[in-house]
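Visitor: I need the structure of the sequence given here:
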Amino acid sequence: MVAGRQEPTDADIRRWRQYLADEQAEAAVYRDLAGRRTGEEREILLALAEAEGRHEAHWRDLLGDRVGAPRSGALRTRVLGLLARRFGSVFVLALAQRAEARSPYDGDADATSAMAADERIHEEVVRGLAARGRQRLSGTFRAAVFGINDGLVSNLALVLGIGATGVPAATILFTGLAGLLAGALSMGAGEYVSVRSQRELLEASTPNPAPRTVLSHLDVAANELTLVYRAQGMSAEDAEEHAREVLRTVAIATGAVDLSRLQAAPAEVDEHEAIGTGMGAAVSSFCFFASGALLPVLPYLFGLTGVVAVLIASVLVGVALLATGAVVGLLSGGPPLKRALRQLLIGLGAAGVTYALGLLFGTTLG
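Guide: Residues are numbered from 1 along each chain as shown. Okay, the predicted model is just below:
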């Protein structure tokens, strides 16, 4: 025990032991994630595990000979470790980001200020790693989320609205299947055109490599290279300085140009990769819209009718909306429950309005 410190209470010892177990579990999560990566990301994750090891040493020092038998970390950390060993995906990093944000050290006098600061920094480090994964899958994932959500809501609204008018169950079934096919084709075609157009716009804005080959022949006095950097967003002073530096490279190397310096601000992430491919977005949209749109039709496919079919369709869609909302929440680093409930309220609210209108038209026509 540290000199001058009061004897710890039983509650203190229990808390320190739990902190020790949590730090051990978190370090294991980062090591497991590092085992599924290479290069810089692996080094960063191993460094995070090393930092958790320093925190573990702090609690061991406080406990001394009271460490006791090994304990399990918090349930969420154990689940996170299981996912890290099996998947190691951006979903796991997003969960780890939320776990770091819940650090209890800020309000604990037995944790050092450095440990509390570490946890804050760890959150930002994991956020950065997760952002790389989010960026890589954002294009296809965006199409998938929009597709399944649109399929769930639009076809449920269609099925409930038509069903509320009092038409036969067979009519509802075929209307739902027609809505599924039409919506999936429309979503797929729309996503393909949207992504292709966006990629073409990016390609039009990407610097042409051809001008780099003429740098050694530029008129140093006129230095039109300055105009290139000003057009890319630099101020006149910065553009002139950067152009002089590039031309100095040309002069020193006697024509061997550092071509990578022509582009003023190289992107950290390939924007084409972030958007995804047109075909990938189209296929994702088609498949996910179709899978979402199928759920409201399932009760009618199995011969159910009336209120029972409406309730089962609504429950199936509600569960799917909760799931997609929670996934979006996890990936965005936000609270999954809040995102899930928001998705549920919006989806069922839209379907409810359509059902009410169907009842109104059914009564009017009757």
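Visitor: drop to CA atoms for contacts and neighbour counts, all remaining ones
Guide: OK.
Visitor: which ones are touching the closest residue to L152 other than its chain neighbours?
Guide: Computed as CA to CA, 6 or more residues apart in numbering, the closest residue to L152 that is not its neighbour in sequence is G292, at 4.5 Å. Counting by CA atoms under 8 Å, 6 or more residues apart in numbering, G292 touches G147, I148, N149, D150, G151, L152, V317, A320.
Visitor: Which pair of those spans the longest distance?
Guide: G147 and V317 (13.7 Å; CA to CA).
Visitor: Let me see the domain layout of this protein.
Guide: Annotated domains of the chain cover 10-134, 138-196+278-365, 208-261 [automatic domain parsing].
Visitor: one step back: check what pLDDT the residue nearest to L152 gets.
Guide: Note on G292: pLDDT of 91.
Visitor: ok, so what distance separates it from A182?
Guide: When CA to CA, to the nearest Å is applied, the distance between G292 and A182 equals 13 Å.
Visitor: Overlap of the contact sets of these two?
Guide: Joint contacts of G292 and A182 (CA under 8 Å, 6+ apart) do not exist.
Visitor: Kindly write the PyMOL command that selects the buried subset of the contacts of G292.
Guide: Remark: buried members of those, expressed as a PyMOL selection using 16 or more other CA atoms under 10 Å:
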select buried, resi 147+148+149+150+151+152+317+320
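Visitor: could I get the contacts of G292 as JSON lines with secondary structure, distance to A101 and pLDDT?
Guide: Listed next are those as JSON lines, based on DSSP: H, G, I helix; E, B strand; the rest coil; distance: CA to CA, whole Å; pLDDT from 0 to 100:
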{"residue": "G147", "secondary structure": "helix", "distance to A101": "31", "pLDDT": "81"}
{"residue": "I148", "secondary structure": "helix", "distance to A101": "30", "pLDDT": "87"}
{"residue": "N149", "secondary structure": "helix", "distance to A101": "29", "pLDDT": "86"}
{"residue": "D150", "secondary structure": "helix", "distance to A101": "32", "pLDDT": "87"}
{"residue": "G151", "secondary structure": "helix", "distance to A101": "34", "pLDDT": "90"}
{"residue": "L152", "secondary structure": "helix", "distance to A101": "33", "pLDDT": "91"}
{"residue": "V317", "secondary structure": "helix", "distance to A101": "32", "pLDDT": "93"}
{"residue": "A320", "secondary structure": "helix", "distance to A101": "28", "pLDDT": "92"}
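Visitor: By mean pLDDT, point me to the weakest helix or strand of the chain.
Guide: Least confident helix or strand of the chain, by mean pLDDT, DSSP states H and E, is helix 271-275 with a mean of 48.
Visitor: List the contacts of W16.
Guide: For W16, the contacting residues are W59, L62, L63, by CA under 8 Å, 6+ apart.
Visitor: How about A47?
Guide: Contacts of A47 by CA under 8 Å, 6+ apart: none found.
Visitor: That one: helix or strand, and which one exactly?
Guide: Element membership for A47 (DSSP states H and E) is helix 39-63.
Visitor: So which bits of that helix are buried?
Guide: Buried, per 16+ other CA under 10 Å, within helix 39-63: 42, 44-49, 51-53, 55-56, 58-60, 62-63.
Visitor: For that helix, give the mean pLDDT please.
Guide: What helix 39-63 shows for mean pLDDT is 90.
Visitor: for stretch 92-103, same thing?
Guide: The average of the pLDDT scores along stretch 92-103 is 77.
Visitor: How far away from the center of its chain is that stretch?
Guide: With CA atoms, centre = their mean, to the nearest Å as the basis, stretch 92-103 stands 13 Å off its chain's centre.
Visitor: Also stretch 70-85?
Guide: Its chain's average C-alpha position is 22 Å from that of stretch 70-85, according to CA atoms, centre = their mean.
Visitor: Turn the contacts of W16 into CSV, including distance to S194.
Guide: Output for those, formatted as CSV (distance: CA to CA, whole Å):
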residue, distance to S194
W59, 54
L62, 59
L63, 60
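Visitor: which residues in the stretch 251-366 of the chain form helices?
Guide: Using DSSP state H, counting those that start in this stretch, the helices found in the stretch 251-366 of the chain span residues 271-275, 278-294, 298-301, 306-332, 336-365.
Visitor: Ok, which of these comes nearest F174?
Guide: Here helix 298-301 is closest among those (CA to CA), at 9.4 Å.
Visitor: helices and strands around the closest one, which ones?
Guide: helix 169-205, helix 306-332 (3 or more CA pairs under 8 Å, 6 or more residues apart in numbering; DSSP states H and E).
Visitor: quick revisit: closest to G163 out of the contacts of W16?
Guide: Lowest distance from G163 to the contacts of W16 (CA to CA) belongs to W59, with 63.2 Å.
Visitor: The closest one contacts Q18, doesn't it?
Guide: No - applying CA atoms under 8 Å as the test, W59 and Q18 come out as separate, 9.4 Å apart.
Visitor: Give me the below-cutoff pLDDT ranges for the chain.
Guide: The model of the chain has pLDDT under 70 over residues 1-5, 81, 83-89, 133-143, 198-225, 227-229, 232, 247-277, 331-334, 362-366.
Visitor: rerun that using 50 as the cut-off
Guide: Low-confidence segments of the chain (pLDDT under 50): 1-4, 205, 210-212, 214-222, 254-274, 365-366.
Visitor: gap between L357 and G347?
Guide: In this view, L357 and G347 are 16 Å apart by CA to CA.
Visitor: To clarify, my last question referred to G306.
Guide: Taking CA to CA, one finds G306 at 21 Å from G347.
Visitor: ok, now G68?
Guide: As judged by CA to CA, G68 and G347 stand 51 Å apart.
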